[in-house]
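*Asks:* I'll drop the sequence and a predicted model, then ask my questions.
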Amino acid sequence: MRKKWLAVALAMTMVVGMMTGCGGNDAGNNTTDDGNKTPETKVETLADGGGKVLNIWVWNTEFKDRFEKYYPGYDKKTQTIGDVKVNFIQNTNEGGVYQNKLDAALKDQAKAAADDKIDIFLCEMDYVNKYTGTDMAVDIKSLGITDDDMAQMYQYTKQAATDASGTLRAVSWQGCPGGFVYRRSYAKDIFGTDDPEKIQEQVSDWDKFEAAAATIKEKTNGKITMLSGYDDALRVFSNNVDSKFVSDDKKLQIDPSVEKWIDKTKEWTDKGYNKGTSLWKDDWTAGMGKDGNVFAYFMPAWGINFSMGDGSGSKKDKDGNFTGGGSYGDWALCAGPQAFNWGGSFICGAAGTDNAKLVADVMKKLCCDKDIMYNISKDTQDFVNNKEANAKLEADNVTSPFLGGQSLVKALSAAADQIDCSNVSPYDQMCLENLMKAMKDYYSGKKTKEQAIESWKDATIKSYPALSK
């Protein structure tokens, strides 16, 4: 593999402009149309290299926390696996900082000292195929991971990380189907029930969703709003598109589903169905607290665990466990108007790694071992990328204390089977970040819709100079 690095380095200079898509085919599916298993392709296994430092690139502590707690043989005290030192390199994801630094490091991988070589790097769904569309991320099968190892993964997670030739280059321990997370006590006061099936009837399509928002406003005199802010429903609409943000000739475009989000958010803002907050800001999070006056949030499993658990006002110990308090336990989950996916962290093995065996073992243990994945979900309420583990969680009646004893797995499993990522592109992170920023001027009345869209295009071209209007 090291002989390929000149080509890889040259490819790096063009990678931002590459369009690979998620593969709108059955890439990663090892069955034929008649359901029979296809023969597994033989791939040469990478030599190990005997590296003494395992360098893992991340943008937050999520994977680090999973690794330290669930990877067998890791000594947290010495930060080692046997005689191999584990080193996490963390850079913020915001504004594309993580990608920019990762791109530079991958470009220099061939000449990096042995202890500095990247072995594993994490990618988000919004840009995973920027890397898996090239051989910067190694073929999963070259690490010795088989179709049988990955048989219980949700198909869309393999689709997302498969290149145009059908080569899978990343795996994930998690699935990120999303749902409609609402306050139980508010639901009882406003709709007379907090039962997820009954609340789902109130929000099963967008017309009913708007009628429910009007009812919430009327019955609470506007004190409680359906959503917190402008950005809350974006991922539902952006994950149900028929086209990518960037056309084949590298021009920016707005899919009708995203335009519907723009129009609906303006309407909901004008009618007082949200509080005009912005994603991740303090006032957005405040709506999750004990006295927060927000009825619901659209969230994936990680959002429930990471964002809402913290935002509820409950105290969290050093192991990530919450105690009662605030609004913790006063929430429930239903499907909402449309199935959607939000996020997902993928593990890539870096071309040029000198720890191939250890990289493979990390992937097998954390992404393929059903017992480890069962424990990850049971302990953290993460939705894991393993159907067998999820079936056992449901059979064992493992429930979420945050959701008042509801099964998170049962609520989200149906959505996981419906997800299609064929229109994810390498440009999505900054397309979405810039869209949220630009449209606020439209929602607040500072710009027209057309002016805001032009601002979005200008900002996105600044992020990706190879694109055009």
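*Replies:* Here it is on my side, so go on.
*Asks:* and stretch 78-88, which residues are buried?
*Replies:* Thr80, Ile81, Val84, Val86, Phe88 (16 or more other CB atoms under 10 Å). Where you see a C-beta, it was placed from the backbone N, CA and C, and this is true even at glycine.
*Asks:* Could you do stretch 439-452 as well?
*Replies:* Neighbour-count burial for stretch 439-452 flags Met439, Lys440, Tyr442, Tyr443, Lys447, Ala452 (criterion: 16+ other CB under 10 Å).
*Asks:* Give me the secondary structure label for the closest residue to the last one other than its chain neighbours.
*Replies:* What it means is Ala452. Distance criterion CB to CB, 6 or more residues apart in numbering; nearest residue to Ala452, sequence neighbours excluded, is Tyr442 at 3.9 Å. Here Tyr442 is helix, with the state taken from DSSP: H, G, I helix; E, B strand; the rest coil.
*Asks:* Could you tell me which residues make contact with Tyr442?
*Replies:* By CB atoms under 8 Å, 6 or more residues apart in numbering, Tyr442 lies in contact with Ile262, Lys266, Thr448, Lys449, Gln451, Ala452.
*Asks:* which secondary structure element contains the second one?
*Replies:* Just to be clear, that refers to Lys266. Element membership of Lys266 [criterion: DSSP states H and E] is helix 256-270.
*Asks:* How is the residue of the chain positioned farthest from its centre assigned, secondary-structure-wise?
*Replies:* Within the chain, the residue lying farthest from the chain centre (CA atoms, centre = their mean) is Asn221, at 35.7 Å. Following three-state DSSP, Asn221 is assigned to coil.
*Asks:* can you give me phi and psi for it?
*Replies:* phi 60, psi 40 (degrees, to the nearest 10).
*Asks:* about what we covered before: possible to save the buried residues of stretch 439-452 as JSON lines with distance to Asn100?
*Replies:* Shown next, in JSON lines, are the buried residues of stretch 439-452 (distance: CB to CB, whole Å):
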{"residue": "Met439", "distance to Asn100": "25"}
{"residue": "Lys440", "distance to Asn100": "25"}
{"residue": "Tyr442", "distance to Asn100": "29"}
{"residue": "Tyr443", "distance to Asn100": "29"}
{"residue": "Lys447", "distance to Asn100": "29"}
{"residue": "Ala452", "distance to Asn100": "26"}
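*Asks:* ok, these vs Asn386, which is closest?
*Replies:* Nearest to Asn386 out of those is Met439 (CB to CB; 37.0 Å).
*Asks:* what about that closest one, which helix or strand?
*Replies:* Following DSSP H and E, one finds Met439 within helix 428-443.
*Asks:* Can I get that helix in PDB? Just the C-alpha atoms.
*Replies:* C-alpha atoms of helix 428-443 as PDB (Å, rounded to 0.1, in the frame of the first residue of the first chain):
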ATOM      1  CA  ASP A 428     -22.900  18.500   3.100                       C
ATOM      2  CA  GLN A 429     -21.300  19.700   6.300                       C
ATOM      3  CA  MET A 430     -20.600  23.200   5.200                       C
ATOM      4  CA  CYS A 431     -23.700  23.300   2.900                       C
ATOM      5  CA  LEU A 432     -25.800  22.700   6.000                       C
ATOM      6  CA  GLU A 433     -23.900  24.900   8.300                       C
ATOM      7  CA  ASN A 434     -23.900  27.800   5.900                       C
ATOM      8  CA  LEU A 435     -27.600  27.300   5.100                       C
ATOM      9  CA  MET A 436     -28.600  27.500   8.700                       C
ATOM     10  CA  LYS A 437     -26.600  30.800   9.100                       C
ATOM     11  CA  ALA A 438     -27.800  32.400   5.900                       C
ATOM     12  CA  MET A 439     -31.500  31.700   6.300                       C
ATOM     13  CA  LYS A 440     -31.700  33.300   9.800                       C
ATOM     14  CA  ASP A 441     -31.700  36.700   8.000                       C
ATOM     15  CA  TYR A 442     -34.700  35.600   6.000                       C
ATOM     16  CA  TYR A 443     -36.600  34.300   9.100                       C
END
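*Asks:* Give me the mean pLDDT for that helix.
*Replies:* Averaged over helix 428-443, pLDDT sits at 97.
*Asks:* Next secondary structure after that helix?
*Replies:* Counting by DSSP H and E, the next helix or strand C-terminal to helix 428-443 is helix 449-463.
*Asks:* still on that earlier bit, closest one of the buried residues of stretch 439-452 to Val294?
*Replies:* Comparing the buried residues of stretch 439-452 against Val294 with CB to CB picks out Tyr443 as the nearest, at 16.9 Å.
*Asks:* what sits against the closest one?
*Replies:* Tyr443 sits next to Tyr230, Thr265, Lys266, Thr269, Gly276 when contact means CB under 8 Å, 6+ apart.
*Asks:* what ranges do the strands span in this structure?
*Replies:* With DSSP state E as the criterion, the chain has strands at 53-58, 74-75, 80-81, 84-90, 118-124, 177-183, 296-300, 331-334, 340-341, 345-349.
*Asks:* now for the ones you listed, which one comes closest to Tyr427?
*Replies:* strand 118-124 (12.6 Å).
*Asks:* Redo the contacts of Tyr443 as CSV? Include distance to Asp310, pLDDT and neighbour count.
*Replies:* Below are the contacts of Tyr443 laid out as CSV (distance: CB to CB, whole Å; pLDDT from 0 to 100; neighbours: other CB atoms under 10 Å):
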residue, distance to Asp310, pLDDT, neighbour count
Tyr230, 21, 98, 26
Thr265, 25, 98, 24
Lys266, 30, 98, 18
Thr269, 26, 98, 20
Gly276, 22, 97, 15
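*Asks:* out of those residues, what pair is the most spread apart?
*Replies:* Between any two of those, the greatest separation by CB to CB is 11.5 Å, found for Lys266 and Gly276.
*Asks:* which residue ranges form the helices in the stretch 1-150 of the chain?
*Replies:* 5-12, 62-70, 97-107, 128-132 (DSSP state H, counting those that start in this stretch).
*Asks:* Of all those helices, which one is nearest Asn293?
*Replies:* helix 62-70 (29.3 Å).
*Asks:* for the nearest residue to Met226 once chain neighbours are set aside, what are its contacts?
*Replies:* Take Met226 and drop its neighbours on the chain: the residue closest to it by CB to CB, 6+ apart is Ala213, 3.7 Å away. Listed by CB under 8 Å, 6+ apart, the contact set of Ala213 reads Thr225, Met226, Leu227, Trp268, Lys271, Tyr273.
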